[in-house]
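Undergrad: sequence first, then the predicted structure, then my questions.
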Amino acid sequence: MAPIVSGFSKLSKSDKIQWLAQHHFNNNTDAISIIKRYWNSDEKLQQLHDEFTENTISNYYLPFSVAPNFTINNKHYTIPMTIEESSVVAAASKAAKFWQNRGGFTAEVLSVSKVGQVHFNFFGETEKLTSFFEQIKERLLASTEHITKNMQKRGGGITCIELRDKTAEIDHYYQLHCTFETVDAMGANFINSCLEQLASTLQKEALQFPVFSEKEKNIEIIMSILSNYVPECIVRASVSCSIEELPKTKELSSEQYAHKFVQAVKIAQIEPYRAVTHNKGIMNGIDAVVLATGNDFRAIEAGAHAYAARNGRYTSLTSASVTENTFLFSIEIPLALGTVGGLTSLHPLVKLAMQLLGNPNASELMQITAVAGLAQNFAAINSLITTGIQQGHMKMHLMNILNQFDASTKEKELLASYFSTNTVTHSEVVAQLQKIRNPQT
Ligand SMILES: CC(C)(COP(=O)([O-])OP(=O)([O-])OC[C@H]1O[C@@H](n2cnc3c(N)ncnc32)[C@H](O)[C@@H]1OP(=O)([O-])[O-])[C@@H](O)C(=O)NCCC(=O)NCCSC(=O)C[C@@](C)(O)CC(=O)[O-]
Ligand SMILES: NC(=O)C1=CN([C@@H]2O[C@H](COP(=O)(O)OP(=O)(O)OC[C@H]3O[C@@H](n4cnc5c(N)ncnc54)[C@H](O)[C@@H]3O)[C@@H](O)[C@H]2O)C=CC1
């Protein structure tokens, strides 16, 4: 068991690795060589990556892939996707190709308002606090001027501050509930800086407010933090086509396909067990673009799933319908993304990803990302209601299984050919590999 260590963060990278080897890897040199094998040979680039976070000892490779053939608002895109799961990029590519021949995707940003809150305790009469707040509101805003002035020039800034009484749930607890627009930034640092300033001004003003008793003058700030729940930072994307343009299979006419597809989405709308996986499939596409563009996928995930539960029951983020002869499939989702700030101007591959997308602004990136989620969902449901998910997913997963058994190039070629007409299962791959390796058994 590892000993408790103090000052670990102060060790050099190589001393950190030595400590790990000694206390976790029995000084096994293989472990150290694995760690070092993932270092970049360009020392300057490696240092840049080391400095992204803390206690860095190596790099963790994730595939950086691309999905071509996306038409969004009549503009063509090749979308960068960073994800470890097989078949996700293939699925997005297949959906993109399918919809490119049917008018492509339509997307629009519906709203861009972000949220932050100052959480505090006030020990007095709510009416006095309300009156105090109304009197100091302008001074609260004025005290953030040094932080907001540049954002205001870009068309952003603090758009609203309101006092919210939460004493019904927690004694003495109130909020300054604030909304922001942060233009091309995700805005976390900007919002948090504004909130901390508002908290400081609130406290100072209260100390001097003559109507307050001594007790009321001492406002207790609990915390000041943005919210990753942004139900007013919404982007919508959709596709539509005539029923005849939908896929046909041996078993399904395009009309039967349409109705089965719509029911699959309706099931995700009413059945939370299905909705979670349905939305996970959407986030396969969304997270891949969020990661590739250096955005914060934890923030996106938290906000998206909270939004899916906004009406009290967790539900699908997409909807589908057939009206007369038209199939319509759409997504509405909160995506607080940035094309400046964070890693966007630091990580060379992130900069390349933005260049690949034509250096979009935040609004355009929101639309591209929502489309990736909708495309992912279309491909997943298409498979689920026709061949089943395993046929395609395992077809893409075949290489991972073969690599687990150190299959040779020749073995990979033989088995790729065999499995082009046979369903991939782990046990069948093992059996076929055995046959090649031990033909006499
Ligand atoms: C996997 C496919 C695309 C195969 O589909 P297919 O019809 O066997 O592929 P194909 O060989 O006919 O090729 C058609 C197109 O698919 C793409 N494609 C095809 N193969 C490749 C490849 N190797 N590399 C890159 N792209 C590929 C590519 O666009 C290609 O066009 P082309 O490039 O030939 O002009 C299909 O079966 C599919 O879309 N399956 C859905 C897979 C999926 O959803 N994966 C996500 C992971 S599973 C999950 O976590 C989500 C889920 C399922 O749980 C969500 C939910 O429950 O709702
Ligand atoms: N709960 C959360 O989601 C939290 C997330 N974070 C992290 O914060 C990072 C993002 O923070 P940001 O404040 O967005 O980044 P940032 O602080 O790195 O950069 C944003 C700044 O860029 C400048 N800027 C230049 N051009 C701009 C333009 N056209 N539009 C808007 N701003 C422009 C502004 O000064 C703006 O404040 C993310 O990487 C995230 O991981 C940090 C704390 C909490």
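TA: Structure received. Ligands and ions are numbered 1, 2, ... in the order given.
Undergrad: just how off-centre is stretch 382-395 within its chain?
TA: Chain-centre distance of stretch 382-395: 24 Å, with CA atoms, centre = their mean, to the nearest Å.
Undergrad: residues of the stretch 301-441 of the chain that sit close to ligand 2?
TA: G338, V340, G341, G342 (CB under 6 Å from any ligand atom). Any C-beta I mention is one placed from the backbone N, CA and C, and that applies to glycine too.
Undergrad: just the residues you listed now: which is nearest F261?
TA: For those, the closest approach to F261 (CB to CB) belongs to G338, at 34.0 Å.
Undergrad: re earlier: show me which pair in the residues of the stretch 301-441 of the chain next to ligand 2 is furthest apart.
TA: Greatest spatial distance in those: V340 and G342, 8.2 Å, computed using CB to CB.
Undergrad: neighbour count for these two, which is higher?
TA: Neighbours of V340 and G342, each counted by other CB atoms under 10 Å, are more numerous for G342; the result is 19 against 15.
Undergrad: for that one, give me its contacts.
TA: M186, G294, N295, D296 (CB atoms under 8 Å, 6 or more residues apart in numbering).
Undergrad: most proximal residue of the stretch 201-350 of the chain with respect to ligand 2?
TA: At 2.4 Å from ligand 2, G341 is the closest residue in the stretch 201-350 of the chain, using CB to the nearest ligand atom.
Undergrad: and for that residue, the neighbour number?
TA: Around G341 there are 19 residues (other CB under 10 Å).
Undergrad: quick check: it vs V262, distance?
TA: Look at G341 and V262: by CB to CB, to the nearest Å, they are 40 Å apart.
Undergrad: over to I368?
TA: 26 Å.
Undergrad: which of these two has more neighbours?
TA: Each of I368 and V262 has its neighbours counted (other CB under 10 Å); I368 has more, 26 against 18.
Undergrad: before we move on, which element is the residue in the stretch 151-300 of the chain positioned nearest to ligand 1 in?
TA: Ligand 1 sits closest to G281 of the stretch 151-300 of the chain, with a gap of 2.6 Å, by CB to the nearest ligand atom. Using DSSP states H and E, G281 maps to helix 272-292.
Undergrad: cool, C178 as well?
TA: Judged by DSSP H and E, C178 forms part of strand 173-181.
Undergrad: that strand vs ligand 2: in contact?
TA: No. Applying CB under 6 Å from any ligand atom, one finds strand 173-181 separated from ligand 2 by no less than 9.3 Å.
Undergrad: which other residues reach that strand?
TA: Contacts with strand 173-181, where a contact means CB under 8 Å, 6+ apart, come from 112-122, 129, 140, 151, 155-167, 187, 190-191, 194-195, 198-199, 202, 222, 232.
Undergrad: stretch 203-218 too?
TA: By CB under 8 Å, 6+ apart, the list of residues contacting stretch 203-218 reads 122-125, 128-129, 131-132, 135-136, 139-140, 219, 221.
Undergrad: export these to JSON lines and tack on distance to ligand 2?
TA: Putting those into JSON lines (distance: CB to the nearest ligand atom, whole Å) gives the following:
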{"residue": "F122", "distance to ligand 2": "25"}
{"residue": "F123", "distance to ligand 2": "29"}
{"residue": "G124", "distance to ligand 2": "31"}
{"residue": "E125", "distance to ligand 2": "34"}
{"residue": "K128", "distance to ligand 2": "33"}
{"residue": "L129", "distance to ligand 2": "27"}
{"residue": "S131", "distance to ligand 2": "33"}
{"residue": "F132", "distance to ligand 2": "29"}
{"residue": "Q135", "distance to ligand 2": "29"}
{"residue": "I136", "distance to ligand 2": "25"}
{"residue": "R139", "distance to ligand 2": "23"}
{"residue": "L140", "distance to ligand 2": "19"}
{"residue": "I219", "distance to ligand 2": "24"}
{"residue": "I221", "distance to ligand 2": "18"}
